[in-house]
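A.B. asks: Sequence and predicted structure below; questions after.
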Protein chains: 2
Amino acid sequence: MAGLQQLTVLSGGMGGARFLQGLRHGIAAGRLPGVAADAEVTVIANTADDLWLHGLKVCPDLDTVMYTLGDGIDTDRGWGRRDETWSVKEELAAYAVEPTWFGLGDRDVATHLVRTQMLDAGYPLSAITEALCRRWQPGVRLLPMTDDRVETHVAVPDAESTSGRRVVHFQEYWVKLRAEVPAEAVVVVGLDEATPGPGVIDAITDADLVLLPPSNPVVSVGTILGVPRVREALVATTAPVVGVSPIIGGSHVRGMANQLLATIGVDVTAGAVGRHYGARSQGGVLDGWLVDESDADQLPGLHEAGLAAAAVPLYMTDPDATAAMAAAAVELVS
Amino acid sequence: MAGLQQLTVLSGGMGGARFLQGLRHGIAAGRLPGVAADAEVTVIANTADDLWLHGLKVCPDLDTVMYTLGDGIDTDRGWGRRDETWSVKEELAAYAVEPTWFGLGDRDVATHLVRTQMLDAGYPLSAITEALCRRWQPGVRLLPMTDDRVETHVAVPDAESTSGRRVVHFQEYWVKLRAEVPAEAVVVVGLDEATPGPGVIDAITDADLVLLPPSNPVVSVGTILGVPRVREALVATTAPVVGVSPIIGGSHVRGMANQLLATIGVDVTAGAVGRHYGARSQGGVLDGWLVDESDADQLPGLHEAGLAAAAVPLYMTDPDATAAMAAAAVELVS
């Protein structure tokens, strides 16, 4: 038996990218039980964080995955390019061009220039991503969840507005407001009408294993699940589906999911997020759910909800630790 | 008598920008006979060198004038920004994106991003140039010759082509081929249908003095003169029109006009270029023509052609020398 060949991962940015790094490391090192050493990884990446900035199409999650796996990421920041320069940003500020809160590095700008020009030439985002990956060789097949324009917006309080709120792009909420104001609602513009990107549904249907990394359950995995037919494909696939909790001990490890989970009425606990995804046997999308060892008290509730569950160390401190975590995820549904 | 108030200059890139620098210096220092100390300078800049590059609208002549007069130019290169970084260029090369022969610096890219985004938003190039100049404060009113897309192309020999030639953008001829192949023809696409930019015709008609700096007679001043109604406005204006030869002692001081002059059948001499522009009294556009002191032998031929002409030092070695040259130009038609 050659072992599992096709692994599919639904990923956001930083958390997903780091998980993928460990997953690939684990596969190459033969540390994932039952997974073939030449297993292929397909990544379905969130594109609802994408934005147009200074006339450029910026895809934060796609690029974070691509740069991380292609060894071009700035590991300290966790986003953007290593050895980055900031001349473009300085100059845009000198021109007093808004917005100034989203800093595009010069090396990063080149990626967006290539992408924007290809979009202008009529190529879909999926084909462009493939072209960019020819340089980066991330070692995975990287698929945008959709080629359509989908953008997450967040309603925040605004005393100046007659409605008492205003709606900002997710990146403005996340980067400019640092998620420090209450998110009253999350609206993913265009999601209902989006078509899954080429290969997305097949990647779920034909997978031997589907993984949900510790990405944001609302604005990363949540938006991927909201693309029409993706949830149905997850429910229907013969592959087991297993996820890793982004919440450890009541808080999000990286990023600021707390606010957003409250917006959709989900408690900020590893157990609540697992039950939010739900067991496939009960109309959900998961077979298994991995929580951190500090959240072992959540296991009974998860088992009750019909999920296979285990508590293991979930801090992705290095590729070895992350590979061990991926191995535990695989084991959970083996 | 307050002296001449409105000076209008038809300018290309480097040569024109350096001339303008000296002209402004001369005005401020009160060295231009008959010119008011608060005289206003309007620049009608060539835009036929403009190109779309990596999805960005690049306007080399407008930017060279703007950066030079706004003290942002790299004085060693004579184009682009001082303290420039080249990360975008490096990355585009890493993506194997063509063309690689036109190097956009990172700071420069910011200018093109602002311009391109404003074009996308529907602003005409003239309004965009005004907006960019709000930062740079070049001390002149900088007008694109037209808001329409006009692009100079050059036919060069190509043994591989069935026609024996191929047509390249002027920048490819100039920057990539370094004007080292014969230019068989110059075709300025869109010129015949172009409309003069806002203020262009008035700037000529209402001027007290019109100056032609030592810019390229074919692809800089030549294209400006080719914009419908510009030549007519020069012929009709009550202002004297005086030019400065870009050719000294049979060669172009900067740039590579030799090839292009041959293409339009003009000898590479200061006299031939002056006679090519021609005296307004004889259907041309000039009243006076300044040649270098080493070209004094050209004066009789110019006088014969109906032009006021004088031989003075034309090397723009520093703003003082350039101001003296501008003063001589003014004097020639006073």
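C.D. replies: Received it, and whenever you're ready, just let me know what you need. Numbering: from 1, shown residues only, chains lettered A, B, ... in the order given.
A.B. asks: From now on I want contacts and neighbour counts done on CA atoms only, so please keep to that.
C.D. replies: Fine.
A.B. asks: Tell me where chain A has helices.
C.D. replies: A:14-28, A:60-69, A:87-94, A:106-120, A:125-136, A:170-171, A:200-205, A:221-226, A:230-236, A:257-263, A:270-277, A:299-304, A:319-332 (DSSP state H).
A.B. asks: so what secondary structure elements neighbour the shortest one?
C.D. replies: With contacts defined as 3 or more CA pairs under 8 Å, 6 or more residues apart in numbering or on different chains; DSSP states H and E, the packing partners of helix A:170-171 are strand A:151-157.
A.B. asks: tell me the mean pLDDT for the strand it packs on?
C.D. replies: Taken as a whole, strand A:151-157 has a mean pLDDT of 95.
A.B. asks: Any idea how many residues pack against residue A:135?
C.D. replies: Counted by other CA atoms under 10 Å in any protein chain shown, the residues lying close to residue A:135 total 13.
A.B. asks: Which pLDDT value belongs to it?
C.D. replies: According to the prediction, residue A:135 has pLDDT 98.
A.B. asks: mind listing what it touches?
C.D. replies: Under the criterion of CA atoms under 8 Å, 6 or more residues apart in numbering or on different chains, the neighbours of residue A:135 are B:94, B:95.
A.B. asks: next one: residue A:214
C.D. replies: Applying CA under 8 Å, 6+ apart, the residues near residue A:214 are A:15, A:16, A:19, A:243, A:244, A:245, A:246, A:247.
A.B. asks: rerun at 10 Å
C.D. replies: Going by CA atoms under 10 Å, 6 or more residues apart in numbering or on different chains, residue A:214 touches A:10-12, A:14-19, A:220-221, A:243-247, A:252-254, A:290-291, A:314, A:316.
A.B. asks: got it, and residue A:78?
C.D. replies: By CA under 10 Å, 6+ apart, the contact list for residue A:78 reads A:13, A:14, A:15, A:17, A:18, A:64, A:67, A:68.
A.B. asks: same thing with residue A:125?
C.D. replies: So residue A:125 contacts A:47, A:57, A:59, A:115-116, A:118-119, A:131, A:143-149, A:197-198 (CA under 10 Å, 6+ apart).
A.B. asks: ok, now residue A:291?
C.D. replies: Counted by CA under 10 Å, 6+ apart, residue A:291 has contacts A:214, A:243-249, A:269-271, A:274, A:297-299, A:302, A:309-314, A:325, A:329.
A.B. asks: Also residue A:166?
C.D. replies: Per CA under 10 Å, 6+ apart, neighbours of residue A:166: A:153, A:154, A:155, A:156, A:157, A:158, A:159, A:160, A:184.
A.B. asks: Quick one: neighbours of the last one, just the number.
C.D. replies: Applying other CA under 10 Å, we find 18 residues neighbouring residue A:184.
A.B. asks: Alongside chain B, which residues does the stretch 101-250 of chain A contribute?
C.D. replies: Contact residues (CA under 10 Å from any CA of the partner chain) of the stretch 101-250 of chain A with chain B: A:105-111, A:113-118, A:120-121, A:131-136.
A.B. asks: What is the neighbour count of residue A:230?
C.D. replies: Residue A:230: 20 surrounding residues under other CA under 10 Å.
A.B. asks: so how far is residue A:8 from the spatially closest residue to it that is not a sequence neighbour?
C.D. replies: The shortest distance from residue A:230 to any residue other than its chain neighbours is 6.3 Å, reached at residue A:201 (CA to CA, 6 or more residues apart in numbering or on different chains). The gap separating residue A:201 from residue A:8 is 11 Å, by CA to CA, to the nearest Å.
A.B. asks: which residues are common contacts for these two?
C.D. replies: The contact sets of residue A:201 and residue A:8 overlap at A:44, A:207 (CA under 10 Å, 6+ apart).
A.B. asks: the more surrounded of the two?
C.D. replies: Ranked by neighbour count (other CA under 10 Å), residue A:201 and residue A:8 place residue A:8 first, with 26 against 21.
A.B. asks: What separation is there between the more buried one and residue A:225?
C.D. replies: Per CA to CA, residue A:8 is found 14 Å from residue A:225.
A.B. asks: Report the contact partners of the residue nearest to residue A:230.
C.D. replies: A:44, A:145, A:207, A:228, A:229, A:230, A:231, A:232, A:233, A:234, A:237.
A.B. asks: Count the neighbours of residue A:111 for me.
C.D. replies: With other CA under 10 Å as criterion, residue A:111 counts 20.
A.B. asks: how about it, what does it touch?
C.D. replies: Counting by CA under 10 Å, 6+ apart, residue A:111 makes contact with A:56, A:57, A:58, A:59, A:63, A:132, B:88, B:91, B:92, B:95.
A.B. asks: The second one against residue A:115, yeah?
C.D. replies: Yes. With the criterion set as CA atoms under 10 Å, residue A:57 and residue A:115 qualify as a contacting pair; they are 6.8 Å apart.
A.B. asks: out of those two, which sits in the more crowded spot?
C.D. replies: Under the neighbour definition other CA under 10 Å, residue A:57 and residue A:115 were set side by side, and residue A:115 has more, 26 against 20.
A.B. asks: Give me the distance between the nearest residue to the more buried one once chain neighbours are set aside and residue A:65.
C.D. replies: Here the nearest residue to residue A:115 in space, its sequence neighbours aside, is residue A:128; by CA to CA, 6+ apart that works out to 6.2 Å. Distance of residue A:128 to residue A:65, given as CA to CA: 15 Å.
A.B. asks: Angles on the backbone of residue A:138, please.
C.D. replies: phi -70, psi -10 (degrees, to the nearest 10).
A.B. asks: what's the longest strand in chain A?
C.D. replies: Longest strand in chain A, counting residues (DSSP state E): strand A:35-45.
A.B. asks: how big is the angle separating that strand from helix A:319-332?
C.D. replies: Between strand A:35-45 and helix A:319-332, the angle comes out at 100 degrees (axes from the mean of the first three to the mean of the last three CA atoms, to 10 degrees).
A.B. asks: how about strand A:35-45: buried residues?
C.D. replies: Within strand A:35-45, the residues scored as buried using 16 or more other CA atoms under 10 Å in any protein chain shown are A:35, A:36, A:37, A:39, A:40, A:41, A:42, A:43, A:44, A:45.
A.B. asks: Could you single out the nearest of the residues you listed to residue A:334?
C.D. replies: Set against residue A:334, the nearest of the buried residues of strand A:35-45 by CA to CA is residue A:35 (10.1 Å).
A.B. asks: tell me the contacts of the closest one?
C.D. replies: Shown in contact with residue A:35 (CA under 10 Å, 6+ apart): A:2-7, A:26-28, A:208-209, A:327, A:330.
A.B. asks: One more: residue A:28?
C.D. replies: Contacts for residue A:28 were tallied using CA under 10 Å, 6+ apart; they are A:22, A:35, A:36, A:37, A:38, A:39, A:323.
A.B. asks: show me what contacts the spatially closest residue to residue A:203 that is not a sequence neighbour?
C.D. replies: Of all residues not flanking residue A:203 in the chain, residue A:8 sits nearest, at 6.3 Å (CA to CA, 6+ apart). Counting by CA under 10 Å, 6+ apart, residue A:8 makes contact with A:40-44, A:140-141, A:200, A:203-212, A:239, A:241.
A.B. asks: Which of those residues are buried, as a PyMOL select command?
C.D. replies: Selecting the buried subset of the contacts of residue A:8 in PyMOL, with 16+ other CA under 10 Å as the burial test, is done by:
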select buried, chain A and resi 40+41+42+43+44+140+141+200+203+204+205+206+207+208+209+210+211+212+239+241
